[in-house]
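Undergrad: Can you look at this prediction? I've put the sequence above it.
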Amino acid sequence: MAWLTAHLKTLFASKRPKNPPKRKPPTREEKGKYRATYTSTDNVITNSSPFQSQMISPKHSTSTYSSTALTTNSSNITDSDLLPIIHYSELHLVPQILTQFPAFYLIGHPLPPPPLPQAKQLLTSSDSVKQSLIHPRKSTVRGYNHSKPSGREWWDYTPDHGGTLLTLEDETFQFKTREYFEKSIELLQRICNEFNQTLTENGEKRVVIPKEVMEDIGFSTMRYLRYSPTILERTNNTPKPEPPIASSSSSSHSGSSSNRKSQQPPKEDGYSLPRMEAHTDHGILTLMTATEPSGLYVWDRNGKIFSAPPIDGTVLVIAGDLMSHFTALEGKNIVDDGKEAIGDGTVLPTVHAVVLPKGGAERYSVAVFLRPKKEMVVSKQRVKKDDGEIGERDMTFGRWAEEKGQVRGRRCWMIGQERLSGGQDV
Ligand SMILES: O=C(O)CCC(=O)C(=O)O
Ligand SMILES: [Fe+2]
């Protein structure tokens, strides 16, 4: 496992990609062009959007879209930290965009409205209903789960058996859930296909993402999440100072201090706001949508943070761990070669976290995870054989996920960002 820890460190300790794409600051003319396109052409994004992210329209050259994002090296969140928005008709831009941005919004897509009402319906069901949706073997990726100290609960869809297991007995709920899941997976598979359209030097298409990802839903799933101050439970392990001697005799009942502690209202100090710790997703791609208030943040490979609020009509797409395996430099693998395997076209997994803003409102979100079968080989790993020769061993998706799970702090691969994760696993 040392290899994995070392690998995680090299991936994210690197401040810059090995061959960072050269980006020139936008000229005044380019900036003007960007504004003109934004307001006058596609008219898809309106100024009513509270977050005016950049639109990558069919008329844009790829050199234009980095204009606002390259103006600062700071990891502070500023107004100019905007994620790109691309149109469904421009999916071919995705392989390049994901090397330059940790996420993008997709507009003009064929998905039905996001099943946020269904997320609310399920996650505000009675406790007995929720208990009945817990997986018999307590799987945390199937059925209902909660994490009270993090103020969130979630439910993972089970696609097998037409989505009829561990679900609500409600036809509309089941229909809308299955429909959104299936259409989202199709969309993510289409995006994957774009990675296989790049030509090699011989003019052949380079298969970056295994074909079976496009043909099989594998271990894909969809998650409904609810973040709420009412779920939060104060679990501060810091021992409380002993009560003063004078009063201790009268209050020496055992457990009184912890009782007092649990009666305290949750303190809104960033560690006790509803949240999900910084992490990367195991799979290939994740599609997300949420209600306000948002609280979703993504990091790029240089440690720069982008806020990723919901924007009407769009979905947000981020990269999972497997994208870095699939898009590593030819002949290298990220497990053994670390930074050396990262080239201009390598997509790193997107570190992301949710922290609800202070104020008490709830947040619902839907995340669709494109994941292969557990047995799918995602890369080769070099091993020293008994006779001293170097051989290769298959790294399957299942093994990757399992070994990542054994690394302490596994979900926060980003060195130096421990504060957001609270240094804890989830
Ligand atoms: O709630 C969200 O928006 C993010 C959920 C997420 O990152 C996850 O479930 O892995
Ligand atoms: Fe995630």
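TA: Everything's here; your move. Numbers count the residues shown, from 1 in each chain. Ligands and ions are numbered 1, 2, ... in the order given.

Undergrad: and the closest residue to ligand 1 within the chain, helix, strand or coil?
TA: Per C-beta to the nearest ligand atom, S365 is where the chain lies closest to ligand 1, at 3.6 Å. The C-beta positions use only the backbone N, C-alpha and C, and glycine is treated the same way. Reduced to three states with DSSP: H, G, I helix; E, B strand; the rest coil, the structure at S365 is strand.

Undergrad: Enumerate every residue touching it.
TA: L116, A119, Y224, L225, Y227, M288, T289, A290, T291, L296, V354 (C-beta atoms under 8 Å, 6 or more residues apart in numbering).

Undergrad: cool, and E292?
TA: E292 sits in contact with P309, P310, A361, R363, where contact means C-beta under 8 Å, 6+ apart.

Undergrad: if I've got this straight, it is in a helix?
TA: No - when the secondary structure is assigned by three-state DSSP, E292 falls in coil instead of a helix.

Undergrad: Quickly find the element holding L82.
TA: Following DSSP states H and E, one finds L82 outside all helices and strands.

Undergrad: coming back round to it: got a ChimeraX select line for the buried ones in the contacts of S365?
TA: Listed next is the ChimeraX selection for buried residues among the contacts of S365, using 16 or more other C-beta atoms under 10 Å:
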select :116,119,224,225,227,288,289,290,291,296,354
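
Undergrad: Would you verify that Q118 is located in a strand?
TA: No - if the criterion is three-state DSSP, then Q118 is helix and not within a strand.

Undergrad: if I look at it, how far off is D170?
TA: Counting by C-beta to C-beta, to the nearest Å, the gap between Q118 and D170 amounts to 9 Å.

Undergrad: of those two, who's got more company?
TA: Q118 (22 against 14; other C-beta atoms under 10 Å).

Undergrad: quick one on the thing from earlier: bridging residues for the residue of the chain closest to ligand 1?
TA: Per DSSP bridges, residues listed as beta-bridge partners of S365: L225, A290.

Undergrad: and L187, what helix or strand is that in?
TA: Per DSSP H and E, the secondary structure element for L187 is helix 171-195.

Undergrad: Can you show me the helices along the protein?
TA: Listed in chain order, the helices of the chain (DSSP state H) span 2-13, 28-40, 94-100, 116-123, 127-132, 160-163, 171-195, 211-215, 245-248, 256-263, 321-326, 334-337, 397-406, 418-421.

Undergrad: and those, which one is worst for confidence?
TA: Taking each of these in turn, the lowest mean pLDDT turns up on helix 28-40, with a mean of 31.

Undergrad: How about the contacts made by the nearest residue to I217 once chain neighbours are set aside?
TA: Leaving aside its sequence neighbours, I217 sits nearest to I185 (C-beta to C-beta, 6 or more residues apart in numbering; 5.5 Å). The contact partners of I185, by C-beta under 8 Å, 6+ apart, come to I217, S220, V368, L370.

Undergrad: nearest spatial neighbour of the third one, skipping sequence neighbours?
TA: So the one you mean is V368. Closest residue to V368 in three dimensions, ignoring its sequence neighbours and counting by C-beta to C-beta, 6+ apart: S184, at 4.0 Å.

Undergrad: Run a quick neighbour tally on the closest residue to L133 other than its chain neighbours.
TA: Using C-beta to C-beta, 6+ apart and skipping the chain neighbours, the partner closest in space to L133 is Y144 (3.9 Å). By the criterion of other C-beta under 10 Å, Y144 has 21 neighbours.

Undergrad: For Y144, report the pLDDT, please.
TA: Confidence score, pLDDT, at Y144: 96.

Undergrad: Now do the same contact list for it.
TA: Neighbouring residues of Y144 by C-beta under 8 Å, 6+ apart: K130, Q131, L133, I134, E153, W154, W155, L166.
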